[in-house]
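*Asks:* What shape does this take:
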Amino acid sequence: MDDWDKFNYSKDSVSKGPHAAPQGEPQTYINYNSNTGSGSTYAPQPKYVTMKVLIIALIICMVLSAAIGAAAYAIAMSAFGGTTVDKTIKTTNYNLARSTGAVLSIQEIIARNENSVVAISTETVKTDFWAGQYVTQGAGSGVVYSEDGYIITNNHVISGASNINVTLHDGTEYPATLVAADQLTDVAVIKIDATGLPAVTFGDMNDLNVGDAVVAIGNPLGTLSGTATEGIVSALEREITIDGKQMTLIQTSASINPGNSGGGLFDQYGNLIGIVVAKSSGSDVEGLGFAIPCDKVASVAKSLIENGYVEGRPQAGITIVDLTDANAAMRAGVTITGVYISDVTGKNAQKAGLQKGDLIYYLDDTKITSSAQLVGLIQKHEVGDVVTFTVVRDNELIKMDVELELSQPQQAAQQSTEG
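*Replies:* Sure thing, here's the model as predicted:
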């Protein structure tokens, strides 16, 4: 109601009227007769506004005001989108989902993806101390990448396996072959001889927010294939070190167990937003699961299928080793713990002057404490970027600029120990 502030209610206005004459003076009212055009003077009784009428008028005004406000809000939301939550979030998919009803229930997310998640079992031949051989069994999960049989899983699920078998959600079993694997990202691609498989739909990391609902589907304990657990996105871009590799992962509260590795983490729209890779374990740890972001998974898987390795990856052209405790340093014949160069393989590194035995102290402005940290820092650059190594040699600090080279296919398997 635009003129709400002009509506003044007082006892005087009700009893006297809006244009009351001063008390004690005669009140003269002029009645104009439209038929005769003449006027007559009289003194009629004043008309009073009762409290009941005023209250009814107030109620009507309040209802009309609320209705007008709601209509204006609906029009604004329809035209511009938005949210009443006092928090900045990425709203690209949020607005679309709200207007189209694309947000799925937990049951719908599972129904949409359970046939796209497979159980993986492996056999690995190992040799004991007496040169005898024995077979160990392993288990994990995978997601269907394409309808013609390509399946994504973790490198650590199939690493060293002599036999790989895949079981679909309907119980059908297939032998699988390894297409290619990448140790650095812990992504591997395997292939089965099948067609018409239901491939997952990849989501967009730009639309993912902390607090979004997620569902993990996998093969926990290697015997409970098709298990689904729900949770939320607990953190984005969580940097942790796993088996000497520094990784940037999605953290989730969805229950993760051994055997879930390689399975899918799906968002509230039913899209794949991560490949489950690890969990934090311990009697006092709960709800700490991690997944490789879908954008990283998609690019690595595509490159592995097309090239057999991850193309375009930078390297400094050195092989490094962690001597981060006193015993390791003593065995290597050095007195200072740290990350050492064990070999210089790249032309640019050789040209810059890096040598075997150099202790890497800094990369650019970052102090180096582990080989995983060093490799992670290098992978944030592009081929052709120049980085500055500060090394300790003969008790002196030496700085050298190295142009990063393209990692070659034969070196892909050694990325966890190369810079």
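
*Asks:* alpha carbons only for contacts and neighbour counts from here, please
*Replies:* Noted.

*Asks:* would you list every one of the strands in the stretch 301-419 of the chain?
*Replies:* For the stretch 301-419 of the chain, the strands defined by DSSP state E, counting those that start in this stretch cover 314-315, 318-323, 338-344, 359-363, 366-367, 386-393, 396-403, 405-406.

*Asks:* Show me what the last one is packed up against.
*Replies:* So that's strand 405-406. In this structure, strand 405-406 packs against strand 314-315, with contacts taken as 3 or more CA pairs under 8 Å, 6 or more residues apart in numbering; DSSP states H and E.

*Asks:* Would you verify that L249 is located in a strand?
*Replies:* Yes - counting by DSSP: H, G, I helix; E, B strand; the rest coil, L249 is found in a strand.

*Asks:* Skipping adjacent residues, who's closest to G264 in space?
*Replies:* Nearest residue to G264, sequence neighbours excluded (CA to CA, 6 or more residues apart in numbering): I275, at 5.0 Å.

*Asks:* Would you confirm that that neighbour contacts G262?
*Replies:* Yes - under the contact definition of CA atoms under 8 Å, I275 touches G262, with a separation of 5.6 Å.

*Asks:* give the contact list for D267.
*Replies:* Contact analysis of D267 by CA atoms under 8 Å, 6 or more residues apart in numbering lists G203, D212, A213, V214, V215, I273.

*Asks:* tell me which of the residues you listed is nearest to N154?
*Replies:* N154 lies nearest to I273 out of those, by CA to CA, at 15.0 Å.

*Asks:* Tell me which residues touch the closest one, please.
*Replies:* F202, G203, D204, M205, G264, L265, F266, D267, P293, C294, D295.

*Asks:* can you pull up the bridge partners for the fifth one?
*Replies:* Translated: G264. Under DSSP bridges, the beta-bridge partners of G264 are I217, I275.

*Asks:* How many neighbouring residues does it have?
*Replies:* 34 (other CA atoms under 10 Å).

*Asks:* same question, the third one
*Replies:* Neighbour count of D204, defined by other CA under 10 Å: 14.

*Asks:* That one contacts V297, doesn't it?
*Replies:* No - the criterion here is CA under 8 Å, and D204 misses it with V297 at 11.8 Å.

*Asks:* if we can go back for a sec, dump the residue contacts of the residue nearest to G264.
*Replies:* T153, N154, S261, G262, G263, G264, L265, A291, I292, P293, C294, V297.

*Asks:* at 7 Å instead, please
*Replies:* Taking CA atoms under 7 Å, 6 or more residues apart in numbering, we find I275 in contact with G262, G263, G264, L265, A291, I292, P293, C294.

*Asks:* Run through the residues that contact the fourth one.
*Replies:* Counting by CA under 7 Å, 6+ apart, L265 makes contact with V214, V215, A216, I217, L272, I273, G274, I275, V276.

*Asks:* May I see those organised as a markdown table, with distance to P198 and pLDDT added?
*Replies:* Listed next are the contacts of L265 as a markdown table, based on distance: CA to CA, whole Å; pLDDT from 0 to 100:
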| residue | distance to P198 | pLDDT |
| --- | --- | --- |
| V214 | 20 | 96 |
| V215 | 18 | 96 |
| A216 | 17 | 96 |
| I217 | 15 | 96 |
| L272 | 13 | 96 |
| I273 | 17 | 96 |
| G274 | 17 | 96 |
| I275 | 17 | 96 |
| V276 | 19 | 95 |
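
*Asks:* Helix, strand, or coil at A139?
*Replies:* strand.

*Asks:* so how far is I106 from it?
*Replies:* According to CA to CA, to the nearest Å, A139 stands 26 Å off from I106.

*Asks:* what's the burial count for E108?
*Replies:* Using other CA under 10 Å, E108 is surrounded by 13 other residues.

*Asks:* again but with R313, I slipped
*Replies:* Using other CA under 10 Å, R313 has 20 other residues around it.

*Asks:* That one contacts S407, doesn't it?
*Replies:* Yes - here R313 reaches S407: they are 5.5 Å apart, a contact under CA atoms under 7 Å.

*Asks:* Show me the helices in this protein, by range?
*Replies:* Secondary structure of the chain, counting by DSSP state H: helices at 11-16, 51-80, 92-100, 106-113, 155-158, 294-307, 326-332, 347-352, 371-379.

*Asks:* Now do the third one, average pLDDT.
*Replies:* Spelled out, it's helix 92-100. Here helix 92-100 scores 40 as its mean pLDDT.

*Asks:* and of the contacts of D267, the nearest to I59?
*Replies:* D212 (41.7 Å).

*Asks:* That closest one and S234 touch, don't they?
*Replies:* No - at 8.5 Å, D212 does not count as touching S234 under the criterion of CA under 7 Å.

*Asks:* How much space separates L374 from I240?
*Replies:* L374 sits 13 Å away from I240, going by CA to CA.

*Asks:* Would you mind telling me which of those two has more residues around it?
*Replies:* L374 (23 against 14).

*Asks:* pLDDT of the strand ranked longest in the chain, averaged?
*Replies:* Counting by DSSP state E, the longest strand found in the chain is strand 227-242. Averaging pLDDT along strand 227-242 gives 91.

*Asks:* one step back: quick check on the contacts of D267: which are buried?
*Replies:* G203, A213, V214, V215, I273 (16 or more other CA atoms under 10 Å).

*Asks:* quick revisit: and the contacts of L265 as CSV, adding distance to T223?
*Replies:* Formatted as CSV, the contacts of L265 follow (distance: CA to CA, whole Å):
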residue, distance to T223
V214, 23
V215, 19
A216, 16
I217, 13
L272, 23
I273, 24
G274, 22
I275, 19
V276, 17
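
*Asks:* Skipping its backbone neighbours, what lies nearest K367 in space?
*Replies:* Y361 (5.9 Å).

*Asks:* Could you do T153 as well?
*Replies:* The shortest distance from T153 to any non-neighbouring residue, by CA to CA, 6+ apart, is to G262 (4.1 Å).

*Asks:* For that neighbour, give me its contacts.
*Replies:* G140, S141, G142, T153, N154, I275, V276, V277.

*Asks:* circling back: of A139 and I106, give the one with the bigger neighbour count.
*Replies:* Remark: of A139 and I106, A139 carries more neighbours, 24 against 19, as counted by other CA under 10 Å.
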